[in-house]
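>>> Kindly return the folded structure for what I paste below:
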Amino acid sequence: MWSVVALLLTVAVGLASSMAGFWEYRAGGGVCDLSSWLSCSKVYYLPEARIAGIHLSEAAPVYFMLLSGLAAIYGFTGSRRSLAGLTIAAMAGLAVVPYLVYLEVFKARSICLFCTLMHASILSCTLLSYKLLKS
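This is a model prediction of the structure:
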């Protein structure tokens, strides 16, 4: 039971962070810009932050809504299919996280707080959903 609650909280943190990042990007930055090495704006304005013309801050809320929906279906119904889908989606996200961290650290030379929360959420979601799937 605690694993399901932790899973729901994990995806909720990711969704909230992705929405905050989306609004931060749309507003032109500022809230998350605390220093030269702790700045979401420096990360948002990297050319690599766009894939096929879509900015990652616009894609992240969609991804986390998918995770949230699958987690909610599993949490309320116990559907193993939704849990399997959640695990696959989380693993796909986790596969991209090292590249995103590379962009932050080596290209932008700055850390984005919202991005870091999303990365942690993806890692936690992957571990928790995998654990639940195997139990």
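>>> What is the lengthiest helix in the chain packed up against?
Scanning the chain for the helix with the most residues, using DSSP state H, yields helix 2-27. The contact analysis (3 or more Cβ pairs under 8 Å, 6 or more residues apart in numbering; DSSP states H and E) places helix 2-27 against helix 40-44, helix 56-77, helix 113-134. All C-beta spots, glycine's among them, are computed from the backbone N, C-alpha and C.
>>> okay, these in CSV with mean pLDDT and mean neighbour count next?
Listed next are the helices and strands packed on helix 2-27 as CSV, based on pLDDT from 0 to 100; neighbours: other Cβ atoms under 10 Å:
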stretch, mean pLDDT, mean neighbour count
helix 40-44, 92, 23
helix 56-77, 97, 19
helix 113-134, 97, 20
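>>> Any chance of these in a markdown table with distance to Trp23 as columns?
Supplementary listing: the helices and strands packed on helix 2-27 in a markdown table, determined by distance: least, Cβ to Cβ, whole Å:
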| stretch | distance to Trp23 |
| --- | --- |
| helix 40-44 | 11 |
| helix 56-77 | 9 |
| helix 113-134 | 10 |
